[in-house]
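A.B. asks: With the input below, show me the fold.
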Amino acid sequence: MTPLQRILAPRSVAVIGASDRQGNRGGTAAALMRKFGFAGGVYPVHPTAETVAGYPAVRSIAELPSEVDVAIIGLGAANVSGVVRELHEAGIPGAIAWAGGFSENGPEGERLQAELAEVVRSTGVRLIGPNCLGVVNTAIGFTGTFATWLRGTDELLTSGIAMVSQSGGLAANAHAWSQESGIGFRYMISTGNEVDLGVVDLLETVVEDPGTEIVLAYLEGVRDGARFAKMLRRARELGKPVLVLKVGHSAASAAAIAAHTGALAGETRVWDALLEAEGAVQVHSVEQLLETAGYLHGRAGLPPLRGRRVVIMGHGGGAGVLASDQCALAGLEVPALSPETRAALAPTMPEIASTKNPVDLTPEAYVQEKWRSQLSSTLDAVATSGEADVLLTQFSVGEIVYPEDIAGPVIDLHRKGELAVAVYSRGATAEAVKLYTDAGLHVFDDQRVAVETLGLLTGPIRTDDEVSRAILAAAPGLVTPVVEATLPAASSGDVVAEHEVHRLLAEAGFDVLRGETAHSAEEAGALAEKLGFPVVLKALSPQITHRAAVGLVRLSVGDRATAEQTYRELAARTEALGADLLGVLVQQSAVGGTELLVSGFRDPVFGPVVSCGAGGVATELIDDVSFALAPLDEAAALALLRRLRTTGKSKGLSLEEAGAQAVAFLVRFSRFVENLPWPGFVLELNPVSVTAGRAVALDGLLVVSEAGQ
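C.D. replies: Next up is the predicted model:
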């Protein structure tokens, strides 16, 4: 066992600072271990007491037996570093420190935490905390915590759910609520100030734990985004859902960059992109976290939810219509059933019932035994139709009167696993609810929560339609290798001029509009004639990044005289703005097509990120942008495009016509961005013009916020 595994599943435990004095936290932890049947050795350390919580006390750390796996430090902040040194001398590999009063408590606390960090580093003792609520492992009755709620329960339920949390109080409440629901946790782990072991270390460990089936994470931030992403990937490989409640949203990621990307990105969207890309489920409240975990717990051993097609079935019409609206808000589909499926349903239902989706069985279906006995056939008709991914049942009225007749067929369908089942049953009798829960089916008493849970779990945007298959087949042939390009010399804070960005992209093999920089009106006229009219003229200034907004771009310049006059106007306008003029870029006119904003930047936690959104003037008007971690493959690039509101023939980018070009450009651009060397940068192409025949960068901006060494 590693030191971390020994902390989470110890065979013997020392409790430093434990006593039988009322309110003593160490004594509370020892008493809880006795109460919940921890079978390992428990060694309270107290200089004078004979026993604590019925366990023989040990006088000092030096007298502890060598087989102790973990020490719980129940002393104040000023004593923790000294205790860790003693644990090292005694050969004890791991510890849990509860005490607050460290970096969260001002300069003196920061000094104590720095001291503790150095002691941990130098001794090699692995530490959870400080300022944490500790660890509970219900499978062995280990309660390395002082959580108050445990005093009020006589039995610890155990399950395959592990929770790792950067908030101790929230984790304890979630554990208590899960216990009340009849499920419980396997692990409750509070990480505290993470002076040594961090949330990613603990998530990695529980993901690999054979007894853990579902992982819950409450996060305020992570230190190593790459390891976090790798952990999510590993959980997906093992088939273990990871539910993430991320708080502390801000615009910290790629912040203060003088580009649209800085304003549009923000930490929240980068997290969203990561979690979606790696298959994690993002929730937005503790209640949602527990409801989703409860539903997944009931589906243990069954295939994961895949599609978003929901059939709604109940004993009344109004609830079904409401559920349809709620499904739409949750991104779910309520498809019309085919004539064949409706024909199969009709003989199993009363004549007054509706075979449309939502399926309204009417109260006759439970009042009359004839129709109650047909419920299995009704459910089978939906399950075998191939037209549904999920069945949402609304049978609470019938369940009150005939719980076994109604719940039995639903349970049978659930166990077959052909169709995912979600049970909404507000007001049902305890008998009906028990029938479901005994069979492992989670019961929702709020229909909105049931629908939202399904929306969270039904997977990423589908790319298995005919258009998507054509795009994914065509795009790889359009992705050419990125050629080595000479990077511009840049210092931290530099804005690289557009002509340099165009040179960089052209060298790397990207399709860009031809253009050259003029330094006089006469040169602008000559270059315009050389490139061929009409042309575009853009003033180049390191102080101005959004030129169109301040009048430093002229489109459709049609002759030499106008080009020369435009140069003079742009030079005067730049001077009036108090900016330096590096020259005027004379460029071929745009080629038409849909305009996209495509950008890449390096996130301080997660590394290279690519974003795509509505480009050109639309960028200023609407916030329609999506993000993904680089590099992208074709499927990830297509999913990025599908998340945009402006995707679709009538809205902007037609995937059917230009999707393959857009996907190929994004894949290639992501590989280019991945290999840019600067620790902080944003490369923004706005717009990229996409047609059925090409994707060409029309405008470019590179800001190096941190150049590194």
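A.B. asks: Excluding covalently adjacent residues, which one is nearest to the most far-flung residue of the chain relative to its centre?
C.D. replies: Ranked by distance from the centre of the chain (C-alpha atoms, centre = their mean), the top residue is A561, with 55.5 Å. The shortest distance from A561 to any non-neighbouring residue, by C-beta to C-beta, 6 or more residues apart in numbering, is to G525 (7.2 Å). Backbone N, C-alpha and C define where each C-beta goes, glycine included.
A.B. asks: residues near the one you found, how many?
C.D. replies: Neighbouring residues of G525 were enumerated by other C-beta atoms under 10 Å; the total is 22.
A.B. asks: give me every residue that touches it.
C.D. replies: With contact set as C-beta atoms under 8 Å, 6 or more residues apart in numbering, G525 has these partners: 560-561, 563-564, 567.
A.B. asks: and if we set it to 6 Å?
C.D. replies: Counting by C-beta atoms under 6 Å, 6 or more residues apart in numbering, G525 touches 560, 563-564.
A.B. asks: Nearest to G101, out of those: which one, please.
C.D. replies: Using C-beta to C-beta, A563 is the member of the contacts of G525 that lies nearest G101, at 70.1 Å.
A.B. asks: Not counting sequence-adjacent ones, nearest residue to that closest one?
C.D. replies: A528 (3.9 Å).
A.B. asks: Secondary structure element for that neighbour, which one?
C.D. replies: Under the criterion of DSSP states H and E, A528 resides in helix 521-531.
A.B. asks: quick one: buried residues of the very next helix or strand once past that helix?
C.D. replies: Sequence order places strand 535-540 as the next helix or strand after helix 521-531, per DSSP H and E. The neighbour-count check on strand 535-540 (16 or more other C-beta atoms under 10 Å) flags 535-540 as buried.
A.B. asks: helix or strand right after the helix of greatest length in the chain?
C.D. replies: Longest helix in the chain by number of residues (criterion: DSSP state H): helix 655-674. Next in sequence after helix 655-674, counting helices and strands by DSSP H and E, comes strand 680-690.
A.B. asks: helices or strands up against that following strand?
C.D. replies: strand 594-603, helix 655-674, strand 695-697, strand 700-706 (3 or more C-beta pairs under 6 Å, 6 or more residues apart in numbering; DSSP states H and E).
A.B. asks: angle of it against strand 700-706?
C.D. replies: Orientation of strand 680-690 against strand 700-706 (axes from the mean of the first three to the mean of the last three C-alpha atoms, to 10 degrees) gives an angle of 170 degrees.
A.B. asks: re the thing from before, for the residue nearest to A561, report the pLDDT, please.
C.D. replies: At G525 the predicted local distance difference test score is 96.
A.B. asks: before we move on, back to that, how about the buried residues of strand 535-540 in JSON lines, adding pLDDT?
C.D. replies: Below are the buried residues of strand 535-540 laid out as JSON lines (pLDDT from 0 to 100):
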{"residue": "V535", "pLDDT": "94"}
{"residue": "V536", "pLDDT": "93"}
{"residue": "L537", "pLDDT": "95"}
{"residue": "K538", "pLDDT": "92"}
{"residue": "A539", "pLDDT": "94"}
{"residue": "L540", "pLDDT": "91"}
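A.B. asks: Nearest to V222 among the residues you listed?
C.D. replies: Within the buried residues of strand 535-540, the smallest distance to V222 is 39.9 Å, found for L540 (C-beta to C-beta).
A.B. asks: That closest one and E516, how far apart?
C.D. replies: 12 Å (C-beta to C-beta, to the nearest Å).
A.B. asks: Repeat that for R694.
C.D. replies: Taking C-beta to C-beta, one finds R694 at 21 Å from E516.
A.B. asks: again, but for A660
C.D. replies: As judged by C-beta to C-beta, A660 and E516 stand 31 Å apart.
A.B. asks: residues touching A176, list them.
C.D. replies: W149.
A.B. asks: now the residue nearest the centre of the chain: how far from V311?
C.D. replies: Residue closest to the average C-alpha location in the chain (C-alpha atoms, centre = their mean): L275, at 2.6 Å. From L275 across to V311, the span is 28 Å (C-beta to C-beta).
A.B. asks: And for L531?
C.D. replies: Counting by C-beta to C-beta, the gap from L531 to V311 is 60 Å.
A.B. asks: Could you do A579 as well?
C.D. replies: 61 Å.
A.B. asks: Compare these two (neighbour count), which wins?
C.D. replies: Just comparing A579 and V311: by other C-beta under 10 Å the higher neighbour count belongs to V311, 23 against 18.
A.B. asks: Hmm, the more buried one is touching A383, no?
C.D. replies: No - in this structure V311 lies outside contact range of A383 using C-beta atoms under 6 Å: 9.3 Å.
A.B. asks: which residues touch V164?
C.D. replies: Per C-beta under 6 Å, 6+ apart, neighbours of V164: 189, 199, 202-203, 217.
A.B. asks: partners of whatever helix or strand it lives in in the sheet?
C.D. replies: Counting by DSSP H and E, the element that carries V164 is strand 161-165. Its sheet considered, strand 161-165 pairs with strand 187-190 (parallel), strand 214-219 (parallel) by DSSP bridges.
A.B. asks: tell me which element T517 is part of?
C.D. replies: Taking DSSP H and E as the criterion, T517 maps to strand 515-518.
A.B. asks: Identify the residues contacting that strand?
C.D. replies: 499, 524, 527, 583-587.
A.B. asks: So which of the residues you listed sit within helices?
C.D. replies: Per DSSP H, those map to helices at 499, 524, 527.
A.B. asks: Is it possible to get JSON lines of those that adds neighbour count and distance to V397?
C.D. replies: Listed next are those as JSON lines, based on neighbours: other C-beta atoms under 10 Å; distance: C-beta to C-beta, whole Å:
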{"residue": "H499", "neighbour count": "20", "distance to V397": "72"}
{"residue": "A524", "neighbour count": "29", "distance to V397": "78"}
{"residue": "L527", "neighbour count": "22", "distance to V397": "78"}
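A.B. asks: Out of those, the closest to W678 would be?
C.D. replies: Using C-beta to C-beta, the ones in helices among the contacts of strand 515-518 come closest to W678 at H499, 19.3 Å.
A.B. asks: Quick one: low-confidence residue ranges for this structure.
C.D. replies: 249-267, 459-464, 616-623, 646-652, 709 (pLDDT under 70).
A.B. asks: hmm, try it at 50
C.D. replies: 250-266, 649-650 (pLDDT under 50).
A.B. asks: quick one: which of the helices and strands packed on strand 680-690 is nearest S60?
C.D. replies: Of those, the one closest to S60 (C-beta to C-beta) turns out to be strand 594-603, at 48.4 Å.
A.B. asks: what's M349 in contact with, if anything?
C.D. replies: Per C-beta under 6 Å, 6+ apart, neighbours of M349: L361.
A.B. asks: repeat that with 8 Å
C.D. replies: Listed by C-beta under 8 Å, 6+ apart, the contact set of M349 reads 355, 359, 361, 365, 371, 374, 378.
A.B. asks: picking that back up, which one of the helices and strands packed on strand 680-690 lies nearest to G331?
C.D. replies: Ranking the helices and strands packed on strand 680-690 by proximity to G331 (C-beta to C-beta) places helix 655-674 first, at 18.2 Å.
A.B. asks: Counting neighbours, what do you get for the closest residue to A323 other than its chain neighbours?
C.D. replies: Leaving aside its sequence neighbours, A323 sits nearest to I312 (C-beta to C-beta, 6+ apart; 4.8 Å). Using other C-beta under 10 Å, I312 has 27 neighbouring residues.
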